[in-house]
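[1] Got a predicted structure here, sequence first:
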Amino acid sequence: MPPIWTTRNDVQRKAGRNSSSTANTTAYTNVYALELESMVNVFCRFNFSDAWTAGLNPDVKWLLTEVTTNLAAIYVINWDMSGYTSREEAKTMINNLREAAMRALSILRDKKQQDFINAA
C-alpha cells in the first residue's frame, strides 16, 4: 500500500542531494511515510487518511504533506549521514526539518483549527 500524503520525490528533495541512495529508495520512503501517516492520525486524534480521499481541504493536505515529508527526510538523513559535507550539515538539516514538522503538527492538533479542518 503506497502512502497517501507524500511521494519519494518529495522526501528526496527535502533530504537533499547528499542523502543516502539506499535510504531514499521508494520502498523505504513508502514505509517511512505510512508509519508517519498513522502516527499523525493517532497524534491528532483524527483520521486524515480517510478524510483525504473524501475531499479534505487543500490547505490541510499541504500541512499533512509538510509533516510527513519533513519527518521522512529526517529518517533518510539519520539512516546514513556519510554523504553530507559534514555531520554538522546533516544535523542542521534535521533540526530545520523537525522544526517545520512540529510547527505543522501543532497547527493540525490545535483544537481552534478543528472546525476549519472538519468543515473542509
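    In hand now; what should we look at?

[2] Give me the helices and strands touching the helix or strand hosting Ile107, please.
    Using DSSP states H and E, Ile107 sits in helix 87-109. Packed against helix 87-109 by the contact rule (3 or more Cβ pairs under 8 Å, 6 or more residues apart in numbering; DSSP states H and E) you find helix 26-44, helix 58-79. For glycine as for every other residue, the C-beta is placed from the backbone atoms N, C-alpha and C.

[3] go with 6 Å
    The contact analysis (3 or more Cβ pairs under 6 Å, 6 or more residues apart in numbering; DSSP states H and E) places helix 87-109 against helix 58-79.

[4] Distance from the helix it packs on to the middle of the chain?
    1 Å (Cα atoms, centre = their mean, to the nearest Å).

[5] Now tell me what touches that helix from outside.
    By Cβ atoms under 6 Å, 6 or more residues apart in numbering, the list of residues contacting helix 58-79 from outside reads 5-6, 10-11, 14-15, 19-20, 23-24, 29, 32-33, 36, 40, 48, 90, 93-94, 97, 100-101, 104-105, 108, 117, 120.

[6] mind running it again at 7 Å?
    For helix 58-79, contacts defined as Cβ atoms under 7 Å, 6 or more residues apart in numbering pick out 5-6, 10-11, 14-15, 19-20, 23-24, 29, 32-33, 36-37, 40, 48, 52, 90, 93-94, 97-98, 100-101, 104-105, 107-108, 117, 120.
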